[in-house]
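Asker: just to be clear, the model below is a prediction. Sequence and coordinates:
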Amino acid sequence: MTTPTLVVSEVFGPTVQGEGPSTGRRASFIRLGGCNLHCSWCDTPYTWDGSSHDLRTELTRTLVVDLAARALEGAPQLVVLTGGEPLLHQYQPGWAELLAALTVAGVEVEVETNGTIAPTAATTAAVARFNVSPKLAHAGDPEHIRLRPRAIAALRATGRAAFKFVCATKGDVDEAAAHAAAWGLPLSTVWVMPEGTDPVTLSHHLNAIADPAIGHGFNLTTRLHVLAWGNERAR
Ligand code: SF4
């Protein structure tokens, strides 16, 4: 009999969900290892970037039963599966095991994804919300790698997706609007979030994007954990 595992970067909480529709909700996080993108401003390169981090020490193959137990410490109502890109793990036996453990515990599960991978039916059934963050040109990867319209359509079709665009300028918001229109995203499901890992940069970008976001009919979110704790890890 095998014992399911997943490759994990860190498990932390309770803290708060800092971004998107659940901003401010008490939550714990399971950050899985690996990503299929290489965003220039990535705030978690220690999950995937072997050129700047020693991934042999950053990432640990961990028993799912231990991951779930740690995430449920402190009785959070919400557990967020993040990364890296967590949907890279959804064909691992440990993924199903983890979703089952969290479902049995009665917590809501959110998945944070870059929108390049369609969720399986089993994943969709266990997840309350997908926080989908398609990457704009300033992230740096070629468009055919960072934007996958079929995956976006599959995520939209779940009826449980919020689309969150990281923006620094009005031009970024306009770019997000063009994608949202091309993909037929309902405006109520689109969020714009300032890029930044310190409160000053975050505030500067928020000021730049707030009016354009409202003008396009989008929702606006900050990054509450950055305002509270800066770029501190596991917060
Ligand atoms: S998709 Fe997310 S985790 Fe992956 S490189 Fe981009 S910002 Fe980092």
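Answerer: All right, it came through fine.

Asker: residues of this protein that sit close to the ligand?
Answerer: Applying C-beta under 6 Å from any ligand atom, we find that the chain lies next to the ligand at Cys35, Leu37, His38, Cys39, Cys42, Thr44, Gly83, Gly84, Glu85, Asn114. Where C-beta positions appear, they are placed from N, C-alpha and C, glycine not excepted.

Asker: okay, these in TSV with neighbour count and distance to Thr23 next?
Answerer: Shown next, in TSV, are the residues of the chain next to the ligand (neighbours: other C-beta atoms under 10 Å; distance: C-beta to C-beta, whole Å):
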residue	neighbour count	distance to Thr23
Cys35	20	23
Leu37	17	23
His38	16	27
Cys39	21	21
Cys42	18	21
Thr44	19	18
Gly83	24	19
Gly84	27	21
Glu85	22	22
Asn114	25	19
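
Asker: next, give me the two most distant ones among these.
Answerer: Farthest-apart pair in the residues of the chain next to the ligand is His38 and Gly83; separation 13.1 Å (C-beta to C-beta).

Asker: what touches both of the two?
Answerer: Counting by C-beta atoms under 8 Å, 6 or more residues apart in numbering, the common neighbours of His38 and Gly83 are Trp48.

Asker: max-length strand in the protein?
Answerer: strand 5-16 (DSSP state E).

Asker: after that strand, which helix or strand is next? Please name it.
Answerer: Next helix or strand after strand 5-16 toward the C-terminus (DSSP states H and E): strand 26-32.

Asker: packing partners of that following strand?
Answerer: Judged by 3 or more C-beta pairs under 8 Å, 6 or more residues apart in numbering; DSSP states H and E, the packing partners of strand 26-32 are strand 5-16, helix 64-72, strand 78-82.

Asker: tell me the angle that strand makes with strand 5-16.
Answerer: Angle, strand 26-32 to strand 5-16, by axes from the mean of the first three to the mean of the last three C-alpha atoms, to 10 degrees: 150 degrees.

Asker: could you pull out the buried residues of the longest helix anywhere in the chain?
Answerer: Longest among the helix segments of the chain by residue count, using DSSP state H, is helix 199-216. Under the neighbour-count criterion of 16 or more other C-beta atoms under 10 Å, helix 199-216 has Pro199, Leu202, His205, Leu206, Ala208, Ile209, Ala210, Pro212, Ala213, His216 buried.

Asker: for stretch 128-141, same thing?
Answerer: Buried, per 16+ other C-beta under 10 Å, within stretch 128-141: Arg129, Phe130, Asn131, Val132, Ser133, Pro134, Lys135, Leu136, His138, Ala139, Asp141.

Asker: swap in stretch 91-102?
Answerer: Gln92, Gly94, Trp95, Ala96, Glu97, Leu98, Leu99, Ala101, Leu102.

Asker: low-scoring stretches of the protein, by residue?
Answerer: Applying pLDDT under 70 to the chain flags the ranges 1.

Asker: grab the most central residue of it for me.
Answerer: Taking C-alpha atoms, centre = their mean, the centroid of the chain lies closest to Glu112, which sits 2.5 Å from it.
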